[in-house]
Structure formats: C-alpha cells, structure tokens
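Chemist: Build me a model from this:
(one chain, ligands or ions: 1)
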Amino acid sequence: MISLPLRGDAEEIDADEAKMLLIGDNGINGESSSPLRDGAPEIQQYNIRSIESTVVIRQLTSQGLSFQLWPAASTFVTLLDNYRRDPSNNPLTATLSSLKSSPLNILELGSGTGIVGIAAAITLSANVTVTDLPHVLDNLNYNAAANAEVVAKFGGKVHVAPLRWGEADDVQVLGRNVDLILGSDVVYHDHLYEPLLKTLRLMMTTTLQLEGKRLIFLMAHLRRWKKESVFFKKARKLFDVDIIHSDVPQEGSRIGVVVYRFVTKQSSQNGRIVSC
Ligand SMILES: C[S@@+](CC[C@H](N)C(=O)[O-])C[C@H]1O[C@@H](n2cnc3c(N)ncnc32)[C@H](O)[C@@H]1O
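Modeler: Predicted coordinates:
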C-alpha cells in the first residue's frame, strides 16, 4: 500500500501529488500485474464479485494524479458491487431507488481512470458518461474500450467526453437528461473548489429548468486538508448535504473515505438559486 499520512486538523503539508494516498499496489479486491519500471503503464484487474467478472484499468502513474487510482474510487466500486449483490442493506439504495429512469443516465465528474463510471455502468446497467480534462481522455477511452464487452454484457454503456469544471459550454453539451452525478476524490486543491461548484450549479440549473428534477450528486471523498471545509460550506448553500456512508479508517489513519449525497435545496428548486 502506498500512502501518505493523513493530515491532522492543524497541519497541512504540501502533497506530492503523485503519491497522495493511492489505492494501493493491489487495488480494490484486485491484483496488480507485476510492478513495472517507473513510467510504464500498469494494468490493474478488479474482480467485481457481484457479476463474477473482471474489470481492467490502465494507470499511467508517472503522468500525474488523473491517471491513478484513488481511495475514494475504491470505496465507490465496493459499494456499487455490494449494491448489485444485495441492495436491501446498502447506503446507495435510498438514492438509487428514488430514481425512476431506466436505464439510469449517470454523469461522472473528474473520472480519472474511469473505474467508478465503468463499475457503475456494469453494476447498475446504466448509461454512464465519464468525463475529465481533455488530456485525460485518451486513457479514459482506453479503459472504456478495454471493458466495453463486460459493460455491454450487463446492459450498460460508457461514453467518454470532456468536461472542464467551471465551463458552461461543457455543461450545455452534457448536462441534460442526467439522473445522477458521481464524483470520487474531486475535492482536493482549493483552486478547483469554485470551478467544481460552478459546474454543479450549472448542472442544477440545467436539470431544473429542463426537467424539473432535483439534482443528486454522490461524492466519495477522503479528507486531506482542513481547508476542504470551505468547499462544503459553499456547497451547503446550494445543496442539502448528508453523509450516507463512512469507511472505517485504514490502519494508522484517523479518517476514512466518506460518501456524501448532495441534493438540490428546495429553495434553489423554487428558483431562488443562491450564489456561493
Ligand atoms: C484525485 S483525481 C480522482 C480521479 C478519480 N475520480 C478517482 O477517484 O480515481 C481528480 C480528478 O479530477 C480531475 N480534474 C481536476 N481538475 C479538473 C477540472 N478543472 N475539470 C475537470 N476535471 C478535473 C483530474 O483530472 C482527476 O482525474
């Protein structure tokens, strides 16, 4: 397991992005193919137990944080897998059962390697759009293609598209007909809080204006810095925010991955969208 210590409330240390709490050498229930020389692609295989099939994910760890697997993604995949096996006792059930569309249309923000979106497409038999910055899309396409067969076998679809947080044009293209938004480990650098919130706000407005729905955003998050409370404070002006799941912290850590549900506030739904 490669990990940095979690920061305490009082301390914040500069993170070496490439080493910021990675999932670990063996991934989620998974096996890494033999460790490769620095910079070489690393293929991880994940066993999705509910479907007795394997998902294959390529990491390019030397290329930065968008090309690596993150702890919050691991939590999300485990919850999705468990949901498919037994939805009767799962933190996702209340949210998923409130969504009436079939198949579900899901948009993932900051998908990175795409593991969460791909797992969601399989386990929920959903149409999932995985998104990220333009330079990340080649690897996302690679991973989507590598898993297309298993995704299709379980009735899902994965579409890859650019979505830059804070860009209204990108939301215009992708923001319609979305039932659920997912994100894992998308709150980390403070200069990204505003763009991410702007995208959520634009999604909310698009969804509300066009479809009359309350936007739901499920976000898995591992807290690293005290300053992240700023993101949550701003988000609470727009959304009702609940914790639906907390992982037991890993050994040596005080904090585990937490899954939040953001739902558009009723006041925002009634047209009084507050700026944050
Ligand atoms: C810590 S990684 C998490 C990746 C993935 N969700 C996971 O959990 O494995 C954060 C992701 O957010 C993406 N990201 C950062 N800034 C972004 C922006 N302005 N617009 C879109 N995506 C962004 C990064 O490219 C990266 O893939």
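Chemist: quick one: the helix or strand hosting A235 to chain centroid distance?
Modeler: If you go by DSSP states H and E, A235 is part of helix 228-238. Centroid separation between helix 228-238 and its chain, computed with C-alpha atoms, centre = their mean, to the nearest Å, is 18 Å.
Chemist: Check stretch 243-262 too.
Modeler: Here stretch 243-262 is found 14 Å from its chain centre; the criterion is C-alpha atoms, centre = their mean.
Chemist: Contacts for it, please.
Modeler: 1, 3, 5-6, 8, 71-72, 74-76, 79, 91-92, 94-95, 200, 215-223, 235, 238-242 (C-beta atoms under 8 Å, 6 or more residues apart in numbering). Any C-beta I mention is one placed from the backbone N, CA and C, and that applies to glycine too.
Chemist: switch to 7 Å and redo it
Modeler: 6, 71-72, 75, 79, 91, 95, 216-223, 235, 239, 241-242 (C-beta atoms under 7 Å, 6 or more residues apart in numbering).
Chemist: Report the buried members of the residues you listed.
Modeler: Neighbour counting by 16 or more other C-beta atoms under 10 Å classes 6, 71-72, 75, 79, 91, 95, 216-223, 235, 239 among the contacts of stretch 243-262 as buried.
Chemist: In helices, which of those residues appear?
Modeler: Counting by DSSP state H, the buried ones among the contacts of stretch 243-262 place 71-72, 75, 79, 95, 235 in helices.
Chemist: Could you dump the residues you listed into a markdown table and include pLDDT and distance to L180?
Modeler: Formatted as a markdown table, those follow (pLDDT from 0 to 100; distance: C-beta to C-beta, whole Å):
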| residue | pLDDT | distance to L180 |
| --- | --- | --- |
| P71 | 90 | 21 |
| A72 | 95 | 17 |
| T75 | 95 | 17 |
| L79 | 97 | 13 |
| T95 | 96 | 7 |
| A235 | 96 | 17 |
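Chemist: Among the residues you listed, which one sits closest to D138?
Modeler: A72 (22.9 Å; C-beta to C-beta).
Chemist: quick one: that closest one and D247, what's the gap?
Modeler: According to C-beta to C-beta, to the nearest Å, A72 stands 9 Å off from D247.
Chemist: Ok, R201 next?
Modeler: Counting by C-beta to C-beta - R201 and D247 are separated by 28 Å.
Chemist: again with N105
Modeler: Applying C-beta to C-beta to N105 and D247 gives a distance of 28 Å.
Chemist: do the same with D86
Modeler: Following C-beta to C-beta, the distance that separates D86 from D247 is 18 Å.
Chemist: what about the two, which has more around it?
Modeler: D247 (19 against 10; other C-beta atoms under 10 Å).
Chemist: which bits of the stretch 101-250 of the chain sit near the ligand?
Modeler: Contact residues (C-beta under 6 Å from any ligand atom) of the stretch 101-250 of the chain with the ligand: 110-113, 132-133, 136, 163-165, 184-186, 188, 192, 195.
Chemist: Surely L99 and L180 touch.
Modeler: Yes - contact criterion C-beta atoms under 7 Å: L99 and L180 qualify, at 6.1 Å.
Chemist: Could you list the low-pLDDT ranges of the stretch 1-150 of the chain?
Modeler: The model of the stretch 1-150 of the chain has pLDDT under 70 over residues 1-41.
Chemist: ok, 90 please
Modeler: 1-42, 44, 46, 61-62, 69, 100-101 (pLDDT under 90).
Chemist: Strands of that one, start to end?
Modeler: 31-32, 42-48, 53-59, 105-109, 127-132 (DSSP state E, counting those that start in this stretch).
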